[in-house]
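**Q** Provided below for reference: sequence and predicted model.
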Amino acid sequence: MSIQWFPGHMAKARRLLIEQLEWVDVVLELADARIPVSSRNPMLNKLLGNKPRLLLLNKMDLADPIWTAKWLTYLKTSSPVYAVSATTGLGVKQIVPELERMVMAKQARQATKGIRPQAIKVMIVGIPNIGKSSLINQLTGGAQAKVGNKPGVTRGNQWVRIHERVELLDTPGMLWPKFEVPEVGRKLAALGAIKDDVFDIEELSGWIIDWLKLYSPKALLRYQVQDVVDVTLESLGRKRGCLIHGGRVDTLKAAQIFLRELRMGQLGPVTMDYIPE
């Protein structure tokens, strides 16, 4: 199964990012705590250069906490990193103090030149449906940004004041043109970063079920089976009443239900990226 997705508005988002990068002090990068590597745009390393970066592993409430702790330890060697939940607000209070720490040295240098402290300019970046708008709403205490549960809701860039001393530039979600590792594309599709209408969701659901059998079989116990080996898209469809004429299973509907339950955390906490040996 090949999944590729790079529409015109993402190419535009990339151009805007490059143009506006010089105006910001820090880049706030959001990744998905369930796929801390697969959800990070590899183009960003080249695009951002040496710009200070704060990494947030969002949706921590949906990820395996044991693996999240391991990932925080692993990733903090390259940049400051925190786990947060933009839905529940967990961990969000750590963000502004960390941003202030990250610009402290720069502001001290400016003070010696007689430059008064300015508002910290922050750019937020990440893949589609990563929770940028929800995070902004948590930081501002209100519905300041348009929020959606599908990729591509935020199309234009907008500045939002999230603190008396911090201004944040919201940017549209951006994927990269080609997934060199096919499994990365599947994981992104599985967790909702890619629109469902650009791939075969039945085929994807079958792949996820097989992956869970190997790496996270507990997630399939929700379907009340004696042995997770017996779990298939068809068996899930029968349990969910997805039947059509002749008692056959509507596997498309079953796949839609399965993906929704996975993405909403109804299969329990799942982490799909593992730290390389």
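**A** That came through, no problem. Residues are numbered from 1 along each chain as shown.

**Q** ok, and the helix or strand in the chain with the lowest average confidence?
**A** With mean pLDDT, DSSP states H and E as the measure, the helix or strand of the chain carrying the lowest mean pLDDT is helix 8-20 (a mean of 75).

**Q** secondary structure element for residue 88?
**A** Element membership for residue 88 (DSSP states H and E) is empty, with no helix or strand holding it.

**Q** same thing with residue 189?
**A** Per DSSP H and E, residue 189 falls inside helix 182-190.

**Q** And that helix, what's buried?
**A** 184-190 (16 or more other CB atoms under 10 Å). (Glycine included, C-beta is placed from N, CA and C.)

**Q** Give me the distance between the nearest residue to residue 186 once chain neighbours are set aside and residue 221.
**A** The shortest distance from residue 186 to any residue other than its chain neighbours is 5.8 Å, reached at residue 207 (CB to CB, 6 or more residues apart in numbering). Between residue 207 and residue 221 the distance, using CB to CB, to the nearest Å, works out to 19 Å.

**Q** what about the two, which has more around it?
**A** When residue 207 is set against residue 221 and neighbours are counted by other CB atoms under 10 Å, the residue ahead is residue 207, at 18 against 12.

**Q** Please export the C-alpha coordinates of the helix or strand hosting the more buried one as PDB.
**A** Assignment of secondary structure by DSSP H and E places residue 207 within helix 201-215. Taking C-alpha atoms only, helix 201-215 is exported to PDB below (Å, rounded to 0.1, in the frame of the first residue of the first chain):
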ATOM      1  CA  ILE A 201      -8.800   2.300   4.700                       C
ATOM      2  CA  GLU A 202      -9.800  -1.400   4.600                       C
ATOM      3  CA  GLU A 203      -6.200  -2.300   3.500                       C
ATOM      4  CA  LEU A 204      -4.800   0.100   6.100                       C
ATOM      5  CA  SER A 205      -7.000  -1.300   8.900                       C
ATOM      6  CA  GLY A 206      -5.900  -4.800   8.100                       C
ATOM      7  CA  TRP A 207      -2.300  -3.700   8.300                       C
ATOM      8  CA  ILE A 208      -2.900  -2.000  11.700                       C
ATOM      9  CA  ILE A 209      -4.600  -5.100  13.100                       C
ATOM     10  CA  ASP A 210      -1.600  -7.300  12.100                       C
ATOM     11  CA  TRP A 211       0.800  -4.700  13.600                       C
ATOM     12  CA  LEU A 212      -1.100  -4.700  16.900                       C
ATOM     13  CA  LYS A 213      -1.100  -8.500  17.000                       C
ATOM     14  CA  LEU A 214       2.700  -8.400  16.900                       C
ATOM     15  CA  TYR A 215       3.500  -5.400  19.000                       C
END
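
**Q** hang on, residue 67 packs against residue 272?
**A** No. Contact status for residue 67 versus residue 272: not in contact, 9.4 Å apart, counting by CB atoms under 8 Å.

**Q** of these two, who's got more company?
**A** For residue 67 and residue 272, the more surrounded residue by other CB under 10 Å is residue 272, and the numbers stand at 26 against 19.

**Q** can you count the residues close to the closest residue in space to residue 219 that isn't next to it in sequence?
**A** When the adjacent residues along the chain are set aside, residue 219 lies closest to residue 267, with 4.1 Å between them (CB to CB, 6+ apart). Residue 267: 20 surrounding residues under other CB under 10 Å.
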